[in-house]
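Novice: how would this look folded up:
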Amino acid sequence: MGSTAPSRQDARLLADLEPVVARALDAHLHSAADWYPHRYIPWSQGKDFDGVLGGEPWEPGQQRLAPAVRVGLIHNLLSEDNLPSYHRVIAELFGRDGAWGTWVNRWTVEEGRHGMAIRDYLVVTRATDPVALEDARSAHVQGGYDIDYRGDVLASLIYVTLQEVATRVSYRNMKQMCGEPACEALLQNIAHDENRHMIFYRAVLEAAAQLAPDRFLTALARVMETFRVPGHGAPDFARMGRTMAVAGIYTPAAHYEEVLLPLTRFLRVFRTEGLAPEGEQARERISRLLRSAEQRAERFADLLGRTRPSRDHAAMP
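Specialist: Modelled structure (predicted):
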């Protein structure tokens, strides 16, 4: 993998954003409500597995969690497992000093809880084969991760903002489907963390859009067109993604209505004035991409016989 170190232009942008990052970090820390994964695991349901302890082997019949929720949790856990690579990437992008460095470490602290808690829950409740889960984790982490927008700070900021929103949506929907009180409480905490991460990045992104509007819109169009979740390299990713979509955990409609539209509205993409030709062209491209996303959502809804997404063009010209 190559270095994700920013260019000179992006280094200047990061420096200009430092005061905004400091304020957003203060707000984030002020809103922090630390929680403890061990309090959300039904340990009394646990029992020894086979192996050194000579316990009961795992069997498929021991699974009680709704199948789609189980798949969603495994998918999200495998994504969370690559935290060492994510930390490396954002530390190289944003730096390890000052407010940026403090944010990178704080984000890592909070994300680390998610993987610990989900794994403990799945293993203790025997919701999945622990051997298959460990094999998948090993393969995924061994493969590592490198952001698709290496060396482009604006595109990377946009990507992580979109990703935090998407993750929040998936955790929220799994919470509504899981039917287990402990799992619901756990997923509520994780979704809350992801929302706070999104709020931090969105505040920084809003300032970046004002500092470099033409570059921002060009980067936004690029990310919207090429967006893929960080767990795309996980074993069996395609099947898990389809299962989550069919179940309603994360659908094309959710991506359009709950991720893309709110962000373009918040950042006033279609209200920014004084753009150069580059920015105007990017904005036209964004409009086309939004329409394509809406059409994909409608086709998917039709395929499943579901209600179509609302035709809300408030963010569009």
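
Novice: can you name the farthest residue from the center of the protein?
Specialist: Farthest-out residue of the chain from its mean C-alpha position, per CA atoms, centre = their mean: G54, at 38.6 Å.

Novice: That one contacts D48, correct?
Specialist: Yes - using CB atoms under 8 Å, G54 makes contact with D48 at a distance of 7.1 Å. Backbone N, C-alpha and C define where each C-beta goes, glycine included.

Novice: Check which helices and strands the helix or strand that contains D302 sits against.
Specialist: Applying DSSP states H and E as the criterion places D302 in helix 277-304. When contacts are defined as 3 or more CB pairs under 8 Å, 6 or more residues apart in numbering; DSSP states H and E, helix 277-304 packs onto helix 213-226, helix 252-254, helix 261-266.

Novice: what's the first one in contact with?
Specialist: If I follow you right, that is helix 213-226. Helix 213-226 has contacts (CB atoms under 8 Å, 6 or more residues apart in numbering) with 148-149, 152, 154-155, 158-159, 162, 205, 208-209, 260, 264, 267, 269, 272, 274-276, 278-279, 282-283, 285-286, 289-290, 293.

Novice: export it as CSV, just CAs?
Specialist: Extracted in CSV, the C-alpha atoms of helix 213-226 (Å, rounded to 0.1, in the frame of the first residue of the first chain):
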residue,chain,number,x,y,z
PRO,A,213,-16.3,25.0,-2.7
ASP,A,214,-15.3,23.9,-6.2
ARG,A,215,-12.8,21.3,-5.0
PHE,A,216,-15.4,20.1,-2.5
LEU,A,217,-18.1,19.6,-5.1
THR,A,218,-15.7,17.8,-7.4
ALA,A,219,-14.7,15.5,-4.5
LEU,A,220,-18.3,14.9,-3.5
ALA,A,221,-19.3,13.8,-7.0
ARG,A,222,-16.3,11.5,-7.1
VAL,A,223,-17.2,9.8,-3.8
MET,A,224,-20.9,9.5,-4.6
GLU,A,225,-20.1,7.8,-7.8
THR,A,226,-17.5,5.3,-6.3
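
Novice: Buried residues in the next helix or strand after it, which are they?
Specialist: For helix 213-226, the following helix or strand on the C-terminal side (DSSP H and E) is helix 237-247. Using 16 or more other CB atoms under 10 Å as the test for burial, helix 237-247 gives F237, M240, G241, T243, M244, A245, A247.

Novice: Out of those residues, which comes closest to V123?
Specialist: Nearest to V123, judged by CB to CB, of the buried residues of helix 237-247 is M240 at 18.3 Å.

Novice: quick one: that closest one and L77 touch, right?
Specialist: No - proximity of M240 to L77 does not meet the contact threshold set by CB under 8 Å, at 10.8 Å.

Novice: Could you report the neighbour count for R39?
Specialist: Residues near R39, counting by other CB atoms under 10 Å, number 11.

Novice: Can you report how many residues neighbour S31?
Specialist: 12.

Novice: typed the wrong thing, it's V21
Specialist: V21 has 24 neighbours, counted by other CB under 10 Å.

Novice: Who's the closest spatial neighbour of it, skipping the chain neighbours?
Specialist: Spatial nearest neighbour of V21, chain neighbours left out: A99 (4.3 Å); criterion: CB to CB, 6 or more residues apart in numbering.

Novice: what about the one you found, which helix or strand?
Specialist: A99 is located in helix 98-124, with elements delineated by DSSP H and E.

Novice: Dump the buried residues of helix 237-247 into CSV; add pLDDT and distance to R70 as well.
Specialist: As requested, the buried residues of helix 237-247 are exported to CSV (pLDDT from 0 to 100; distance: CB to CB, whole Å):
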residue, pLDDT, distance to R70
F237, 94, 15
M240, 96, 10
G241, 95, 15
T243, 95, 9
M244, 96, 11
A245, 95, 15
A247, 95, 10
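
Novice: Tell me the one of the residues you listed nearest G95?
Specialist: Ranked by distance to G95 (CB to CB), the buried residues of helix 237-247 are led by F237 at 30.7 Å.

Novice: Distance of the closest residue to the closest one other than its chain neighbours relative to L187?
Specialist: Computed as CB to CB, 6+ apart, the closest residue to F237 that is not its neighbour in sequence is G231, at 6.2 Å. G231 is 17 Å from L187, where distance means CB to CB, to the nearest Å.

Novice: Can you name the secondary structure element that comes next after the helix or strand hosting L73?
Specialist: Per DSSP H and E, L73 falls inside helix 67-81. Once the chain leaves helix 67-81, the next helix or strand it forms, by DSSP H and E, is helix 83-94.

Novice: For ChimeraX, write the selection for the buried entries among the contacts of helix 213-226.
Specialist: Only the buried entries of the contacts of helix 213-226 go into this ChimeraX selection, using 16+ other CB under 10 Å:
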select :149,152,154,155,158,159,162,205,208,209,260,264,267,269,272,279,282,283,285,286,289,290,293
